[in-house]
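Enquirer: here are the coordinates; sequence isn't available:
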């Protein structure tokens, strides 16, 4: 046990594998102060008054596996502070004053598997904050100011992922209605919740009802004889448009159209389904895609049926159709 105040001692033996600097009055960690501790596997600087950590404070700690910095006065860390800590698997940053977790703050240790951020006034975690942490399996986020989590926050992390969002009476007031994506991943076994989140108001996580995944609507199979219906009569019938916008465009941002039609004597009057169109779209994009698909289908089939060269407008429409498909 090394006790000094208010600075990190410079006479720590080079062969030390476990360094404990807890319960001191250390206020900062300067650059290179641990550079001679290549064999150190555990470093504990908790229960101090540390508010400033130099970007190169941990240079030289090549064997470090555990870093404890909880119960200090940290409100930020410079980007790449943990760079070069290739053996680091666990970081404890709880009971500090972090309010935002930005991209770059945690970048560096590729072998990190456990991250403690609980008991901080965190109100925002940037969607890419956990990128470049390919082995991170456990994240502690209870007793913070978070009320929701971005659905893209954990996309780069391995599955199953353990999330600790509640612990005893130390709960966040989660807006559970915005966490339906999390409930879906929990039901699929992709995310493991050690305790169900405490929902704000009178809602309960286990009884929370989320909208069903987007329904796939199959359009009726029209048999066209001779005359090809235009895009207005097929794609913009009010009943179909209302169903499409309600169940497709607004559910998981996924749109599926099944277009059936005739391409004329080119395929000997075939009148079965041409293909299916799968496009991601939201809002007005649904109408745009259905418009260009229907218009292209109308003009290209008209050209095929009449056995004449396609006009410029028909060629443009054909290009629109290919664009929508691919």
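Expert: Looks like it came in fine. Just so it is clear, the structure is predicted and the values come from calculations on it, not from any experiment.

Enquirer: pretty sure residue 32 belongs to a helix, no?
Expert: No: Residue 32 sits outside any helix when classified using DSSP: H, G, I helix; E, B strand; the rest coil, being coil.

Enquirer: Can you give me every residue that contacts it?
Expert: When contacts are counted by C-beta atoms under 8 Å, 6 or more residues apart in numbering, residue 32 touches 56-57, 59-60. Placement of C-beta: from N, CA and C, glycine included.

Enquirer: any idea how far residue 183 is from residue 87?
Expert: 36 Å (C-beta to C-beta, to the nearest Å).

Enquirer: Name the spans of the stretch 101-250 of the chain whose pLDDT lies under the cut-off.
Expert: 212-250 (pLDDT under 70).

Enquirer: Okay, strands next: where are they in it?
Expert: For the stretch 101-250 of the chain, the strands defined by DSSP state E, counting those that start in this stretch occupy 114-116, 124-125, 138-140, 161-164, 166-167, 170-171, 191-193.

Enquirer: re earlier: residue 183 and residue 87: who's more crowded?
Expert: Neighbour count, other C-beta atoms under 10 Å: between residue 183 and residue 87, residue 183 has more, with 19 against 14.

Enquirer: Residue 130 reaches residue 153, doesn't it?
Expert: Yes: the pair residue 130 and residue 153 passes the contact test of C-beta atoms under 8 Å, sitting 6.5 Å apart.

Enquirer: Give me the more crowded residue out of the two.
Expert: The neighbour count for residue 130 versus residue 153, taken as other C-beta under 10 Å, is higher for residue 130 (23 against 18).

Enquirer: With adjacent residues omitted, what lies nearest to residue 159?
Expert: Nearest residue to residue 159, sequence neighbours excluded (C-beta to C-beta, 6 or more residues apart in numbering): residue 190, at 4.7 Å.

Enquirer: Tabulate the strands of the stretch 101-250 of the chain (a markdown table), appending distance to residue 201.
Expert: Listed next are the strands of the stretch 101-250 of the chain as a markdown table, based on distance: least, C-beta to C-beta, whole Å:
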| stretch | distance to residue 201 |
| --- | --- |
| strand 114-116 | 28 |
| strand 124-125 | 22 |
| strand 138-140 | 24 |
| strand 161-164 | 21 |
| strand 166-167 | 16 |
| strand 170-171 | 13 |
| strand 191-193 | 19 |
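
Enquirer: right, so of the ones you listed, which gets closest to residue 76?
Expert: Closest approach to residue 76 among these (C-beta to C-beta): strand 124-125, 13.1 Å.

Enquirer: what helices or strands is that closest one leaning on?
Expert: When contacts are defined as 3 or more C-beta pairs under 8 Å, 6 or more residues apart in numbering; DSSP states H and E, strand 124-125 packs onto strand 100-101.

Enquirer: who touches the strand it packs on?
Expert: Looking at what lies outside strand 100-101 - C-beta under 8 Å, 6+ apart - the contacts are 117, 122-126, 129.

Enquirer: Apart from its neighbours in sequence, what residue is nearest residue 14?
Expert: The shortest distance from residue 14 to any non-neighbouring residue, by C-beta to C-beta, 6+ apart, is to residue 36 (5.0 Å).

Enquirer: Run a quick neighbour tally on that neighbour.
Expert: Residue 36 has 15 neighbouring residues, counting by other C-beta under 10 Å.

Enquirer: any idea how far it is from residue 13?
Expert: The value you get for residue 36 to residue 13, if C-beta to C-beta is used, is 9 Å.

Enquirer: between those two, what contacts are shared?
Expert: With C-beta under 8 Å, 6+ apart, residue 36 and residue 13 have no common neighbours.

Enquirer: so residue 54 makes contact with residue 8?
Expert: No: between residue 54 and residue 8 there is no contact, the gap being 10.9 Å when judged by C-beta under 8 Å.

Enquirer: Return the residues in contact with the residue nearest to residue 29 when sequence neighbours are not counted.
Expert: The shortest distance from residue 29 to any non-neighbouring residue, by C-beta to C-beta, 6+ apart, is to residue 57 (4.2 Å). Applying C-beta under 8 Å, 6+ apart to residue 57 gives the contacts 29-34, 81.

Enquirer: so can I have TSV of those residues showing pLDDT and distance to residue 159?
Expert: Below are those laid out as TSV (pLDDT from 0 to 100; distance: C-beta to C-beta, whole Å):
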residue	pLDDT	distance to residue 159
29	95	35
30	94	40
31	94	38
32	92	38
33	94	38
34	95	34
81	94	28
